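Q: Please work out how this folds:
(one chain, ligands or ions: 2)
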Amino acid sequence: MTDNPEAQDANAGISVIAPIPRVAIHVFCESPSLAGMVENAAADRRMQKAHVVIRMGGVRAALAAYREEQTPEVIVLEAGGDSGLFLDDLDGLAEFCDDGARVLVLGRINDIKLYRALMARGISEYLVEPFNVLDFVRAISELFAKPGGNPLGRMIAVYGAKGGVGASTVAHHLSWSIANSLDMAVILVDLDLPFGTAGLNFNHDPLQGIAEAVFSPDRLDTNMLDRLMTKCADRLSLLAAPATLGRNYDFNEEAFDGVMELLRGAAPVVVLDIPHMWTAWVRRLLLNVDELVLVAEPDLANLRNVKNVLDLLGPARSNDAKTKLVMSRVGVPKRPEIGLKEFTTSINLTSSCVVPFDPKLFGEAANFGRMVGEINGGVKFAELFLNLGRSLTGRPELQTSKKGSLIAGLKATKLPFKLSRKS
Ligand SMILES: Nc1ncnc2c1ncn2[C@@H]1O[C@H](COP(=O)(O)OP(=O)(O)O)[C@@H](O)[C@H]1O
Ligand SMILES: [Mg+2]
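A: Ligands and ions are numbered 1, 2, ... in the order given. Here you go, the predicted structure:
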């Protein structure tokens, strides 16, 4: 994730690209540079289910190949210099193509006549240079988009480098800020099935939630998902953890695939509160989300763990927005801490948010089932989470108000009796 920081920053806030299904993609290149680009794309997390084969020789090589072989679901052709010759070869290729094959053409000539000629031949898409790895992945992904399908929600995972570092606190406050101040519908998913605290932190005790979804994959559809969610605030829904120990929560790697697919279509923002554990399903979720938020305290074990997570997920997420780092519970009295600069430079990440240690404030919020922005003295903390929410959703920065405060976007909500705000 640290390989390509410029590309990653440029990709912050980009539209979500759906993963490519389990299909075969044959790419026939003319130039080594394009072959290199496709190789990078094949390593992208969204292409992991697809089987990509790269060959040189362009459309002629495709012609030769499909005289003998069956065509795959997707054929990608790099168009060489002469458009007339290319179109002739394409006509020849059409004789050998199965009906279901989708053909994507990559070219250098931006010409409407050529585009029309390609479309008339049933080509699915013509991508003209300059394009980057992500443009290519998107073009392939769109070949499989359902007509009229819902736009995909942005999926954000929040994961602690150690247990108890405040990852759930960040996930809950982040969700609340995006829903409350950025006016986007958010679904918060508490994936800590035995011990999750989202219900407590929002002062709700739902009877149903994520467990029903994941234990009944055959019955799960959008209606059932709607029923399993609890409304926590105006635009915030919670898929709560049971937080009971009556059954074991041993899941296989793909156990959450079905519910995640439904969630993506259910709201523009989905926040996953992922417990600090390392299983196949946790790894799969971390790999596949659109945005990854790592939460760490400033000590050596956290640093090592953040580095290991980045190293492991890096190659498949190199075209994604840069991982966000939240330094949490910073400034515990008497505790020796690693300096912020030292921590971040050794992993080549900048911190997106630093949350000071404030046990009174966070303790009070947790006891009352409130967010810190709703209680006395918590507004400046709420701003931190809101700014993190802005960077994750690609929403513009807040305008500084006359008083120099950033509270303009925070809507006050009704407070519990004991904690009403002094005006
Ligand atoms: N910035 C903070 N200052 C003080 N206490 C905090 C802060 N952030 C979180 N906490 C507290 O730390 C404890 C662990 O937080 P939690 O979010 O459950 O961690 P995790 O999900 O990483 O296990 C909770 O009691 C929470 O209220
Ligand atoms: Mg947690």
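Q: For ligand 1, what is the nearest residue in the stretch 301-423 of the chain?
A: Phe362 (3.8 Å; C-beta to the nearest ligand atom). In short, each C-beta sits where N, CA and C put it, glycine included.
Q: which residues touch that residue?
A: Phe362 makes contacts with 166, 169, 372, as judged by C-beta atoms under 8 Å, 6 or more residues apart in numbering.
Q: Run a quick neighbour tally on Val133.
A: 21 (other C-beta atoms under 10 Å).
Q: on that earlier part again, give me the pLDDT for the residue of the stretch 301-423 of the chain closest to ligand 1.
A: Residue-level confidence at Phe362 comes out at 97, pLDDT.
Q: which SS class is it?
A: Three-state call for Phe362 (DSSP: H, G, I helix; E, B strand; the rest coil): helix.
Q: still on that earlier bit, in helices only, show me the contacts of Phe362.
A: In helices, defined here by DSSP state H, the members of these are Thr169.
Q: Run the chain-centre distance for stretch 249-257.
A: Between the centre of stretch 249-257 and the centre of its chain there are 19 Å (C-alpha atoms, centre = their mean, to the nearest Å).
Q: Also stretch 327-344?
A: Counting by C-alpha atoms, centre = their mean, stretch 327-344 comes out at 28 Å from the chain centroid.
Q: Which residues are in contact with Val189?
A: Here Val189 is in contact with 210, 238-239, 263, 270-273 (criterion: C-beta under 8 Å, 6+ apart).
Q: Just to be sure, which of those are found in helices?
A: 210, 263.
Q: so which of the contacts of Val189 is the most crowded?
A: So for the contacts of Val189 (other C-beta under 10 Å), the most neighbours sit at Val271, 32 neighbours.
Q: roughly how far apart are the nearest residue to that residue once chain neighbours are set aside and ligand 1?
A: Nearest non-adjacent residue to Val271, counting by C-beta to C-beta, 6 or more residues apart in numbering: Ser175, 4.5 Å away. Distance, Ser175 to ligand 1, using C-beta to the nearest ligand atom, to the nearest Å: 13 Å.
Q: Asp290 touches Arg317, doesn't it?
A: No: with contact defined as C-beta atoms under 8 Å, Asp290 does not reach Arg317; the gap is 9.9 Å.
Q: from the contacts of Val189, which is closest to Arg108?
A: Arg108 lies nearest to Val270 out of the contacts of Val189, by C-beta to C-beta, at 38.8 Å.
Q: Go ahead and report the secondary structure state at the nearest residue to Gln70 once chain neighbours are set aside.
A: In this structure, Gln70 finds its nearest non-sequential neighbour in Asp98, 6.8 Å apart by C-beta to C-beta, 6+ apart. Under the three-state scheme (three-state DSSP), Asp98 adopts coil.
Q: ok, Asp98 - how many residues close by?
A: By other C-beta under 10 Å, the residues close to Asp98 number 11.
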